[in-house]
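1. coordinates only, sequence not included:
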């Protein structure tokens, strides 16, 4: 049995192996596909199309460099940046989305890491047909039909 102590829970999360941490990087799935209607969350992968919901890039004004969201007094919108995932960092539990970058002090553009809870998966990457099959099988309770 695992511990109920919060400190031990945090330590277990931090010291977990990478193959376990990868499975914890999950995000909500919002799709119109009737097959995937029973699926609530999915493990994010490179190539999935996501929408940023929270943070400065969750604002519809975030495409303009001079007005990036709530910090600069801009109004919050219903939807934000919608693009594909470029990288998944299993160590920190963050993802990098195409087009979401921030300029550094020396003028370089650097990708901004976004936590998986602040995005919604809109379209699954369909290059791996086994992935969608496994997701559907898991939703049915592991029964193969």
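-> Happy to help now that I have it. Values in this document were obtained by computation on a predicted structure and should not be read as measured data.

2. Residue 102 and residue 114 touch, don't they?
-> No: when contacts are counted by CB atoms under 8 Å, residue 102 is not listed as touching residue 114 (11.2 Å). Every C-beta, even on glycine, is put in place using the N, C-alpha and C of the backbone.

3. Looking at the two, which has the bigger crowd around it?
-> Comparing residue 102 with residue 114 by other CB atoms under 10 Å, the one with more neighbours is residue 114, at 23 against 14.

4. Any idea what the more buried one is bridged to?
-> For residue 114, the beta-bridge partners are residue 95 (DSSP bridges).

5. So what does the residue most central in space within the chain look like in phi/psi?
-> For the chain, residue 116 is the residue whose C-alpha lies nearest the centre (CA atoms, centre = their mean; 3.3 Å). In terms of degrees, to the nearest 10, the main-chain angles of residue 116 are phi -60, psi -20.

6. ok, so what distance separates it from residue 48?
-> Distance of residue 116 to residue 48, given as CB to CB, to the nearest Å: 11 Å.

7. got a list of contacts for the helix or strand where residue 138 lies?
-> Element membership for residue 138, per DSSP states H and E: helix 129-139. The contact list for helix 129-139, computed with CB atoms under 8 Å, 6 or more residues apart in numbering, reads 35-36, 38-39, 42, 45, 124-126, 143-144.
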